[in-house]
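Let's see this in three dimensions:
(one chain, ligands or ions: 1)
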Amino acid sequence: MFRNLIFDWSGTLVDDLGPVIEATNAVMDHYALPRFDRVRFRHQFRLPYREFYHDLLPNIPLEELEARFRSAFDTALTPVTVLPHAREKLAWCAASGLRVFVLTSMDTTAFERQLDDLDLRRFFEATYSGVADKRERIHSILETHRLDPAETAFVGDMIHDVETARHGGIASIAVLTGYTLPEILAASQPDLTVANLDALQKLLDKPSDPECRCKPLTPSRSAACA
Ligand SMILES: [Mg+2]
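Okay, here's the model as predicted:
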């Protein structure tokens, strides 16, 4: 059974795809590049985002792009909302005694504001934001909080999240509510894929459910879905 869950933020707990595309298009407009629609963005966007921007604007310093993005994000018209089932899932984690963390690439100022605006801060033991490459932080989080890798999973919506879990030696749980299209996410071979956090909660809540068809996990992790 997982005792510790590390969540990604965007596309996993909150829906900020609308304002992120708005802000990205503000950057595109500034440099006279074609705008993104939702489908093309979900095909092309990836983390670490420096690689995404390097492909598009290799000669522009990342700091300049980040400043333009943040300014546009702060004034975006589309609101950031809590994804369906996320609040219930976090409440379930609290009631079940699970330790819960956030690891996100989102700019810390924007993230801290969303934590309070969406009334989610109380659910997390600790949060880590502004982390450009999550692989470089996952080991220190496990060590700082003395999290047993065999009892810990990283829940996220992008290939980088799966790769971060793998890098940290913990289970990877992919959710299909976010930025990455399912067929692209599947190529990264997460340990478990769920349509949304409600499906994950049901799997974790019913460890002996015979209908569970998730990919087999290692013995130490099998209680989550055995
Ligand atoms: Mg995400």
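
is it true that Phe123 touches Val102?
No: using CB atoms under 8 Å, Phe123 is not in contact with Val102, being 9.1 Å away. In short, each C-beta sits where N, CA and C put it, glycine included.

Pick out whichever of these two has more residues nearby.
Val102 (24 against 20; other CB atoms under 10 Å).

What separation do you get for the residue lying closest to the more buried one once chain neighbours are set aside and the ion?
Nearest non-adjacent residue to Val102, counting by CB to CB, 6 or more residues apart in numbering: Thr127, 4.1 Å away. In this view, Thr127 and the ion are 14 Å apart by CB to the ion, to the nearest Å.

Could you do Leu118 as well?
Leu118 sits at a distance of 15 Å from the ion (criterion: CB to the ion).

who's in contact with that residue?
Contact partners of Leu118, counting by CB atoms under 8 Å, 6 or more residues apart in numbering, are Val14, Val80, Thr81, Val82.

Do a quick rundown of the helices in this protein.
For the chain, applying DSSP state H gives helices covering 17-30, 38-44, 49-56, 62-74, 86-96, 108-117, 138-144, 159-168, 182-186, 197-205.

Can you name the residues of this protein that neighbour the ion?
Asp8, Ser10, Gly11, Asp157, Gly178 (CB under 5 Å from the ion).

Export these to TSV and append columns for pLDDT and neighbour count.
Shown next, in TSV, are those (pLDDT from 0 to 100; neighbours: other CB atoms under 10 Å):
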residue	pLDDT	neighbour count
Asp8	98	28
Ser10	96	25
Gly11	96	23
Asp157	97	23
Gly178	94	25
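
Leu103 is in contact with Ala132, correct?
No: assessed by CB under 8 Å, Ala132 is found out of contact with Leu103, at 11.7 Å.

which residues of the chain score low on pLDDT?
For the chain, the stretches with pLDDT under 70 are 206-226.

if we can go back for a sec, ranking the helices of the chain by burial, who's on top?
Of all those, helix 159-168 has the most neighbours on average by mean count of other CB atoms under 10 Å, namely a mean of 23.

can you list the residues that contact that one?
Residues from elsewhere that reach helix 159-168 (CB under 8 Å, 6+ apart): 8, 12, 46-48, 103, 133-135, 138-139, 141-142, 149, 152-156, 171-174, 180, 184-185, 187-191.

Having no further points to raise, I will conclude here.
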